[in-house]
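J.: All I have is the shape, not the residue letters:
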């Protein structure tokens, strides 16, 4: 897959509608579900470009009343993923440091984890 073709997706009259703003494909795609729309577009790509089939990317043009909520959700999700990654990194560092001084069961109690999880963290990377 050499490239990806981006489609702007809207919800109109009870159906999902795709349009390609860059002109790689003409017309519109219409389907009752996003998964069906993606399958249809993937099939069109495979037919039109059998040797080097482009991927499909959706950009949603949502009504104003939900676009803000969706943007906020993605922002919070991104923050949560960053915090989760940081917490995982700290868990390894803390488990290794504490088990240099205390037993794995005592470290587990301090960290609020199982003994098995502390052992996993201690021996990881």
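T.: Yep, it's here. Since we're looking at a predicted model, the values are computed, not measured.

J.: counting contacts, what elements does the longest helix anywhere in the chain pack onto?
T.: If you go by DSSP state H, the chain has its longest helix at helix 64-99. Secondary-structure packing of helix 64-99 (3 or more Cβ pairs under 8 Å, 6 or more residues apart in numbering; DSSP states H and E): helix 104-111, helix 115-123. (Glycine included, C-beta is placed from N, CA and C.)

J.: Now do the first one against helix 115-123, angle only.
T.: Same thing as helix 104-111. Helix 104-111 runs at 100 degrees relative to helix 115-123, counting by axes from the mean of the first three to the mean of the last three Cα atoms, to 10 degrees.

J.: quick one: average confidence on helix 104-111?
T.: The predicted model assigns helix 104-111 a mean pLDDT of 97.

J.: So which bits of it are buried?
T.: For helix 104-111, burial by neighbour count (16 or more other Cβ atoms under 10 Å) applies to 104, 107-108.

J.: Next, the angle helix 104-111 makes with the longest helix of the chain.
T.: 140 degrees.

J.: Please state the offset of helix 64-99 from the chain centre?
T.: 13 Å (Cα atoms, centre = their mean, to the nearest Å).

J.: In contact with residue 67, which residues?
T.: Residues in contact with residue 67 (Cβ atoms under 8 Å, 6 or more residues apart in numbering) are residue 60.

J.: can you start the count at 747 instead of 1 from here on
T.: Yep, numbering from 747; the last one is residue 813 now.

J.: can you list the domains in this protein?
T.: Split into domains by automatic domain parsing, the chain comes to 750-807, 812-869.

J.: Between its first and last residues, how far does the first one reach?
T.: Across domain 750-807, the terminal residues are separated by 18 Å (Cα to Cα, to the nearest Å).

J.: Tell me the predicted confidence for the closest residue to residue 852 other than its chain neighbours.
T.: Using Cβ to Cβ, 6 or more residues apart in numbering and skipping residues adjacent in sequence, the residue nearest residue 852 is residue 844, 8.0 Å away. Note for residue 844: predicted pLDDT of 97.

J.: List the buried residues for the longest helix of the chain?
T.: Neighbour-count burial for helix 810-845 [16+ other Cβ under 10 Å]: 837, 840-842, 844-845.
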